[in-house]
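In: sequence below, structure please.
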Amino acid sequence: MRSEEEHLRQITRRHFYSQCGVGLGKIALASLLGGDLVALASAATATPPNPLLPKPAPFAPKAKRVIYLFMAGAPSQLDLFDFKPALVKHDGQPIPADIVRDQRYAFIRRDAKLLAPRFKFARHGQCGAELSEMLPGLASVADEVAIIRAMHTDQFNHAPGQLFMNTGSSLPGRPCLGSWVSYGIGSESEQLPAFVVLPSGSNSAGVANWSSGFLPTTFAGVPLRSKGDPILNVSSPPGVDNATQRQTIDLISRLNTRRLEIVSDPEIATRIGAYEMAYRLQSSAPELMNIGNESKETLELYGAEPGKASFANNCLLARRLVERGVRFVNIYHEAWDHHSDVEGGLRTQCGLTDKPCAALIKDLRQRGLLDDTLVVWGGEFGRTPMVESNASLGRKLGRDHHPQAFTMWLAGGGVKGGVSLGQTDELGFHTAQDPVHVHDLQATILHLLGIDHKRLTYKFQGRDFRLTDVSGNVVSQLL
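Out: Predicted coordinates for the structure are as follows:
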């Protein structure tokens with residue numbers, strides 16, 4: 001930090017003429033132009049332009065907004081989406097050595113025994129999508145959904161895997177997908193943040209999953225709590241009325257703006273915008289969070305209960321957010337990490353999430369929002385075809401981490417419904433047809449929003465960065 005003496009030495013006459021808000025140079029200019037000196041002085045301390053104003057997409061978008069349902073912990077694709085008769089046939093037998101080769105695992109041995117699917121499967125919809133009995137809700141909207149059965153990733157542990165899926169890098173410090181989107185095309189809402197996060201439980205990578213990284217923090221995700229105050233400390237203290245609050249924020253904004261002119265730090269502009277958004281949220285957030293004003297039929301459709309924190313409530317809130325112009329909504333639901341009792345774990349988590357996910361699709365369709373709202377569902381990787389059982393850790397009949405092949409689904413926003421893309425081998429270990437890498441999925445999401453993933457870049461430390469790093473291809477079969 002500079003000393004006061006150093007600071008005073010830098011206030012030169014030239015600095016006075018060029019930078020002073022009502023300096024002689026600006027006074028002379030005002031007189032020459034016949035302008036209003038008061039207006040000129042106020043313009044010098046005007047609030048910086050809002051970087052979240054909507055921007056035109058580079059090409060015609062299919063989707064205007066995204067709801068990303070992130071299933072932290074990695075759901076078992078083999079018990080929910082990818083039925084393998086060979087696993088039933090060879091249940092309890094060691095997996096063939098030529099399949100596993102030099103693969104790495106988090107907890108199990110390479111010669112672990114195969115584990116048959118825990119549930120029955122059936123075909124649904126006109127498309128004939130094959131789904132587990134644990135997904136009756138998704139089965140009811142099967143013709144709206146595109147299922148990717150051959151996803152693969154570079155990471156096999158939770159925190160790096162979640163970061164890779166959300167930011168395109170396994171290391172913290174990169175902007176997440178929601179930040180890239182709001183940076184690229186702004187927001188349609190002036191009363192709410194462009195990028196909102198609704199957590200129901202924790203996740204391994206924490207806030208880095210919705211960080212703006214090296215982008216200005218204006219583009220970071222804003223977490224909203226589904227119970228109590230939606231944002232901590234956003235409410236005014238007792239005795240502070242609306243007029244007093246407005247005057248306080250105006251004063252702070254003027255001081256911050258003057259400081260911004262001196263040091264040109266973009267984070268000061270972010271802080272100015274944050275104060276303004278917090279002020280607007282004092283009136284917009286309580287109305288948003290009050291799902292009690294939804295119809296009884298809508299609450300029953302989601303299984304939502306006003307006043308409670310739940311995944312169902314968050315799905316309903318996501319619809320309310322995009323309805324009000326929010327560009328990107330991330331719902332994080334943790335508890336899919338089933339190293340033990342994969343059957344019991346899936347019964348619990350599907351019971352919490354399947355109905356609300358299907359309700360979200362139905363509700364968006366009914367309100368005319370699904371065609372331009374992209375819904376994405378999935379975790380950071382999948383689970384092994386082999387069983388994990390470890391008496392010393394108290395684990396039995398679970399599945400380990402599996403990055404080689406897993407399943408995700410998309411709906412709405414220009415996605416072709418009723419499609420099942422990709423196949424895995426007969427044991428569900430490797431991708432066998434139409435593999436989709438994480439960067440391919442990210443490129444496709446940006447493409448649906450009208451953004452070229454190769455051209456959405458930000459210069460940092462001397463190089464242009466992008467979400468998909470140096471790879472990624474749009475998956476045209478989904479469009």
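In: pLDDT below threshold where in the chain?
Out: In the predicted model of the chain, residues 1-48, 226-237, 239-240, 244-245, 273, 275-285 satisfy pLDDT under 70.
In: pretty sure residue 357 contacts residue 312?
Out: No: in this structure, residue 357 sits apart from residue 312 without contact. The criterion is CB atoms under 8 Å, and the distance is 9.5 Å. Glycine gets a C-beta too; all of them are placed from N, C-alpha and C.
In: buried residues in stretch 193-206, which are they?
Out: Taking 16 or more other CB atoms under 10 Å as the basis for neighbour counts, the residues of stretch 193-206 that come out buried are 193-200, 203-205.
In: mind putting these into JSON lines with secondary structure and distance to residue 130?
Out: Putting these into JSON lines (DSSP: H, G, I helix; E, B strand; the rest coil; distance: CB to CB, whole Å) gives the following:
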{"residue": "193", "secondary structure": "coil", "distance to residue 130": "39"}
{"residue": "194", "secondary structure": "coil", "distance to residue 130": "38"}
{"residue": "195", "secondary structure": "strand", "distance to residue 130": "35"}
{"residue": "196", "secondary structure": "strand", "distance to residue 130": "34"}
{"residue": "197", "secondary structure": "strand", "distance to residue 130": "33"}
{"residue": "198", "secondary structure": "strand", "distance to residue 130": "30"}
{"residue": "199", "secondary structure": "strand", "distance to residue 130": "31"}
{"residue": "200", "secondary structure": "strand", "distance to residue 130": "28"}
{"residue": "203", "secondary structure": "coil", "distance to residue 130": "29"}
{"residue": "204", "secondary structure": "coil", "distance to residue 130": "30"}
{"residue": "205", "secondary structure": "coil", "distance to residue 130": "32"}
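In: now, which of those residues sits nearest residue 255?
Out: Out of the buried residues of stretch 193-206, the one with the shortest distance to residue 255 is residue 193. That distance is 23.4 Å, counting by CB to CB.
In: please tell me I have it right and that closest one contacts residue 219.
Out: No: taking contact to mean CB under 8 Å, the distance of 9.7 Å between residue 193 and residue 219 leaves them out of contact.
In: overlap in contacts of these two?
Out: With contacts taken as CB atoms under 8 Å, 6 or more residues apart in numbering, not a single residue reaches both residue 193 and residue 219.
In: what sits against the residue nearest to the spatial centre of the chain?
Out: A centroid search over the chain (CA atoms, centre = their mean) returns residue 330, at 3.7 Å, as the residue closest to the centre. When the contact criterion is CB under 8 Å, 6+ apart, the partners of residue 330 are 68, 70, 178, 195-198, 209-210, 221.
In: between those, which sits nearest residue 343?
Out: Ranked by distance to residue 343 (CB to CB), those are led by residue 70 at 22.9 Å.
In: can you show me the CA trace of whatever helix or strand that closest one lives in as CSV?
Out: Assigned by DSSP states H and E, residue 70 belongs to strand 65-72. These are the backbone C-alpha positions of strand 65-72, laid out as CSV (Å, rounded to 0.1, in the frame of the first residue of the first chain):
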residue,chain,number,x,y,z
ARG,A,65,-31.3,-19.3,-20.8
VAL,A,66,-30.0,-22.4,-19.0
ILE,A,67,-31.1,-24.4,-16.0
TYR,A,68,-28.3,-26.8,-15.0
LEU,A,69,-29.2,-29.6,-12.6
PHE,A,70,-25.9,-30.7,-11.3
MET,A,71,-26.0,-34.0,-9.5
ALA,A,72,-22.8,-33.8,-7.3
